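Participant: Model the following, please.
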Amino acid sequence: MSWQAYIDQSLVGSGNVDLGLICDINDQTIWASSDGFSLSPEELKAIAESFKDPSKVQEAGIKINGEKYMYVRSDDDSLTAKKGKEGLVAHKTEKAIVVAHHDSETQTTNAFSTVAELADYLKGVGY
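Facilitator: I've put the predicted structure just below:
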């Protein structure tokens, strides 16, 4: 499956995510993304750094597509943030970061499960 197919089928196709992106964990090179979901290098770097040290996003939130999202929770492999009822979920794997946005009609827990499932699959196949 191509990287774009993971976005279109596994993320957006689930109905739990409306926008998605997969990038390299080391240099944040974008491998695939939804149309209109083009995070800046700074935004992607902030997500990558939050897995090691979430203190910056805990204090100031995080910008995605130029919009500010407030920190909800994180652990070594995931980050969740919200802007009103919309949300952002990011999961890291060995080689990639999967980032997804959900609209106000979707519960964050459903989006989180969808992104976690793809991240777990990618980990299982060496990514």
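Participant: Wait, a helix at residue 35?
Facilitator: No. Applying DSSP: H, G, I helix; E, B strand; the rest coil, one finds residue 35 to be coil, outside a helix.
Participant: How confident was the prediction at it?
Facilitator: As predicted, residue 35 sits at a pLDDT of 95.
Participant: Show me the helices in the protein, by range?
Facilitator: Along the chain, the stretches classed as helices by DSSP state H are 3-5, 41-52, 55-60, 108-124.
Participant: which one of these lies closest to residue 101?
Facilitator: Evaluated over the helices of the chain, closeness to residue 101 peaks at helix 108-124, with 8.1 Å, by C-beta to C-beta. For glycine as for every other residue, the C-beta is placed from the backbone atoms N, C-alpha and C.
Participant: Show me which positions of that closest one end up buried.
Facilitator: Neighbour counts over helix 108-124 (16 or more other C-beta atoms under 10 Å) mark 108, 110-112, 114-115, 117-119, 122-123 as buried.
Participant: show me what contacts the residue most central in space within the chain?
Facilitator: Taking C-alpha atoms, centre = their mean as the criterion, residue 99 is the residue nearest the geometric centre of the chain, at 1.6 Å. By C-beta atoms under 8 Å, 6 or more residues apart in numbering, the contact set of residue 99 is 20-23, 39, 44, 47, 64, 88-90.
Participant: Filter these down to just the ones in strands.
Facilitator: Judged by DSSP state E, the subset of these located in strands is 20-23, 64, 88-90.
Participant: For ChimeraX, what selects the buried ones among the residues you listed?
Facilitator: Typed into ChimeraX, the line below selects the buried ones among the ones in strands among the contacts of residue 99, using 16+ other C-beta under 10 Å:
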select :20,21,22,23,64,88,89,90
